[in-house]
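>>> I would like the atomic coordinates for the input below:
(one chain, ligands or ions: 1)
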Amino acid sequence: MRIDVVTIFPGYLAPLREALLGRAVGTGLLDIAVHDLRDWTHDVHQAVDDAPYGGGPGMVMRPHVWGEALDDVLAADPRPARLVVPTPAGRPFTQAAAHAYAAQERLVFACGRYEGIDQRVVDHYAASMPVDEISIGDYVLVGGEVAVLVVVEAVARLLPGVLGNPRSAAEDSFSDGLLEGPAYTRPEVWRGHAVPEVLRSGNHGAIARWRRDRALERTAERRPDLIAALPPDALDEADRAL
Ligand SMILES: NC(=O)c1ccno1
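Residues are numbered from 1 along each chain as shown. The predicted model follows:
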């Protein structure tokens, strides 16, 4: 997979070269290119924003700079791309979206700043390619860069070969529509808190049942919306007896 990120703060994306993502780049599983939007300005001030039509606070990012940048970035690789624009006004980014993105050959991220990018940029590219305006949560960041880090990590870990144990992704929170339950490791007792005995029993059926029950309890308590969204056949008789 190739990932391009266009931003006025390339340094914000440095973590993409670290740890798991850095190894994925090093092994060729992931190809990441970060571009400075200001490279496509032509004025001495390298201006990328201007006052909003209709008035209001803040500045809006200028369409012609973005258009020149995205034209060049998209033309740099023949693989079909999806343009992703993080914004608080976007559709929620979910684990399902992460899986969908992991199946893409190429993702191009446009990082807005200020009051965002002139809407005509999204409208223009949406006429010729898939474009998603996505949100990583109901809060407002200073720009799209941090959201890109979140999305890229959520997507990259799903790529075959990136995680050491592929079962990790298969048993993630949300993989079965539920939150993951609690996890424990040694020692058996820590500051008077003992590991649940069933996890030390070696009884794999009982362990699986216990884990499912804890996941159902946690999800019902913290995210009842996920329980409500489960397909009718998702809960078996033992689940319903909980
Ligand atoms: N909530 C978000 O995804 C976001 C992106 C930029 N600012 O906020």
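>>> Within the helices and strands, which one has Tyr114?
Assigned by DSSP states H and E, Tyr114 belongs to no helix or strand.
>>> average model confidence for stretch 117-131?
Mean per-residue pLDDT for stretch 117-131: 98.
>>> What lies in contact with it?
With CB atoms under 8 Å, 6 or more residues apart in numbering as the test, stretch 117-131 has contacts from 60-63, 66-67, 70, 74, 80-85, 110, 133. No exception for glycine: its C-beta is placed from N, CA and C like everyone else's.
>>> Output the longest helix belonging to the protein.
Ranked by residue count, the top helix of the chain under DSSP state H comes out as helix 204-222.
>>> Dead centre of the chain: give me the residue that sits there.
Note on the chain: the residue nearest the mean C-alpha position is Val151, at 2.0 Å, using CA atoms, centre = their mean.
>>> contacting residues for the residue of the chain positioned farthest from its centre?
Outermost residue of the chain with respect to the C-alpha centroid, by CA atoms, centre = their mean, is Gly192; its distance is 37.8 Å. If you count contacts by CB under 8 Å, 6+ apart, Gly192 has none.
>>> Got phi/psi on it?
In terms of degrees, to the nearest 10, the main-chain angles of Gly192 are phi 90, psi 0.
>>> For the ligand, see how far away it is.
According to CB to the nearest ligand atom, to the nearest Å, Gly192 stands 40 Å off from the ligand.
>>> Ok, Asp138 next?
Taken as CB to the nearest ligand atom, the span from Asp138 to the ligand is 7 Å.
>>> Model confidence for that residue, exactly?
For Asp138, pLDDT reads 97.
>>> Ok, Tyr12 next?
If you check Tyr12, the pLDDT there is 96.
>>> In contact with it, which residues?
111, 143, 145-146, 149.
>>> Which strand or helix spans Gly202?
Applying DSSP H and E, one finds Gly202 in no helix or strand.
>>> Please name the nearest non-neighbouring residue to Phe93.
Ile134 (4.5 Å; CB to CB, 6 or more residues apart in numbering).
>>> And what about that neighbour, helix, strand or coil?
Here Ile134 is recorded as strand under DSSP: H, G, I helix; E, B strand; the rest coil.
>>> Burial check on it, number of neighbours?
Residues within reach of Ile134, counting by other CB atoms under 10 Å, total 20.
>>> what's the lengthiest strand in the chain packed up against?
Across the chain, the longest stretch assigned as strand under DSSP state E is strand 81-92. Counting by 3 or more CB pairs under 8 Å, 6 or more residues apart in numbering; DSSP states H and E, the packing neighbours recorded for strand 81-92 are strand 106-110, helix 119-126, strand 131-135, helix 145-156.
>>> thinking again about what came up before, of the contacts of Tyr12, closest to the ligand?
The ligand lies nearest to Gly143 out of those, by CB to the nearest ligand atom, at 6.2 Å.
>>> Report how many residues lie close to that closest one.
Quick note: Gly143 (other CB under 10 Å) scores 17 neighbours.
>>> Tell me if it really is in a helix.
No. Gly143: not assigned to a helix; according to three-state DSSP it is coil.
>>> In space, what's closest to it - neighbours in sequence excluded?
Nearest to Gly143 is Arg113, by CB to CB, 6+ apart, at 4.3 Å.
>>> can you pull the pLDDT of the one you found?
94.
>>> Pretty sure it sits against Arg38.
No. Arg113 is beyond contact range of Arg38, at 11.4 Å (criterion: CB atoms under 8 Å).
>>> just for this protein, where's the confidence low?
Residue ranges of the chain with pLDDT under 70: 166, 169-170.
>>> Near the ligand, which residues of the chain are found?
Within the chain, the residues that sit near the ligand (CB under 6 Å from any ligand atom) are 86-88, 135-137, 139-141, 144, 147.
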